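In: Model the structure of this input:
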Amino acid sequence: MKFGKRLKQQIEQSLPDWRDKYLSYKELKKLLRLITSAPAKMSGSPSEYGKAEAEFMYLLNNEIDKFNSFFMEQEEDFVIRHKELPHRIQKAVDTWGPNGSQPSDLDFKDEMAKIRKEIVNFHGEMFLLMNYSNINYTGLAKIVKKHDKRTGGVLRLPFIQKVLEQPFFTTDLISKLVKECETTIESVFPPPEYSGTGIFQGERAAPGEGIFKNTVAALMTMEEMRRGSST
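Out: The predicted structure follows:
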């Protein structure tokens, strides 16, 4: 599958609020076509080629800013939510657990089921953000590779070096939170509840719905890109 179709598919299967945060790959391809079809440089006033090249670079840099802003906002939210999880669990134990202030097996199970569902969704969202980083980086790398191939330019190497230093490319913290999230659910809920494949089995209760569908789509996209990408 071509990257443009893969990206479109991923956007359609992503969370609604995320869909306008992905790479404007189509627009970049349009500008690249303008560059390659523009007349060669002429002396005097700026050429059509120069204008098209400037627009292309402007959009590229704007895309990086868009990725960074969205990624850092999500990352901050994930850190806060991750810190709240142990407190939610402890509060349930202290309130409705066997030695709690208001012991109730039914209330305790209900609350822990709610918390477990939130953890599963949280885990899925973090996988989506890692995929967001991966697919947008791949798109940037592909479009600048096309640029150099069609124009004879040397944009790719310095541009990719710049991208590698951007916040949206650095997923170490999210990977750490994913592992800690998995540790939390394995220690709080029975081992059979976790599949060991990056997806909690509870998500399979309603296949094709909610965060489960989005996460599976992201995992499939990541795997397909690992197999087929030459970038």
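In: what residues are up against the closest residue to residue 130 other than its chain neighbours?
Out: Distances taken as CB to CB, 6 or more residues apart in numbering place residue 171 nearest to residue 130, at 5.1 Å, with adjacent residues excluded. Just so you know, the C-beta spots here come from the backbone N, C-alpha and C atoms, and that holds for glycine as well. By CB atoms under 8 Å, 6 or more residues apart in numbering, the contact set of residue 171 is 129-130, 133.
In: let's go with 10 Å and repeat that
Out: If a contact means CB atoms under 10 Å, 6 or more residues apart in numbering, then residue 171 has 71, 75, 126, 129-134, 137, 177-178 as its contacts.
In: Tell me the pLDDT of it.
Out: With respect to pLDDT, residue 171 scores 95.
In: cool, residue 184 as well?
Out: In this model, residue 184 carries a pLDDT of 88.
In: Whatever helix or strand it lives in: which residues count as buried?
Out: Element membership of residue 184, judged by DSSP states H and E, is helix 172-188. Under the neighbour-count criterion of 16 or more other CB atoms under 10 Å, helix 172-188 has 174, 177-178, 181-182, 184-185, 188 buried.
In: What is the most widely separated pair among these?
Out: Farthest pair in those (CB to CB) is 174 and 188. Separation: 21.0 Å.
In: Could you check which helix or strand contains residue 92?
Out: Counting by DSSP H and E, residue 92 is found in helix 48-96.
In: That helix: how far from the chain's middle?
Out: In terms of CA atoms, centre = their mean, to the nearest Å, the centre of helix 48-96 is set 9 Å apart from its chain centre.
In: helices or strands up against that helix?
Out: helix 25-37, helix 105-151, helix 156-163, helix 172-188 (3 or more CB pairs under 10 Å, 6 or more residues apart in numbering; DSSP states H and E).
In: I'd like the mean pLDDT over that helix, please.
Out: For helix 48-96, mean pLDDT rounds to 94.
In: Confirm for me that residue 3 is in contact with residue 142.
Out: Yes - assessed by CB atoms under 10 Å, residue 3 is found in contact with residue 142 at 5.5 Å.
In: still on that earlier bit, burial-wise, tell me which of the helices and strands packed on helix 48-96 comes out on top.
Out: Of all the helices and strands packed on helix 48-96, helix 105-151 carries the top mean neighbour count, a mean of 19, counting by mean count of other CB atoms under 10 Å.
In: hmm, back to that, what packs against the helix holding residue 184?
Out: Other elements packing on helix 172-188 under the criterion 3+ CB pairs under 10 Å, 6+ apart are helix 48-96, helix 105-151.
In: By mean pLDDT, flag the weakest helix or strand of this structure.
Out: When the helices and strands of the chain are scored by mean pLDDT, DSSP states H and E, helix 210-228 comes last with a mean of 54.
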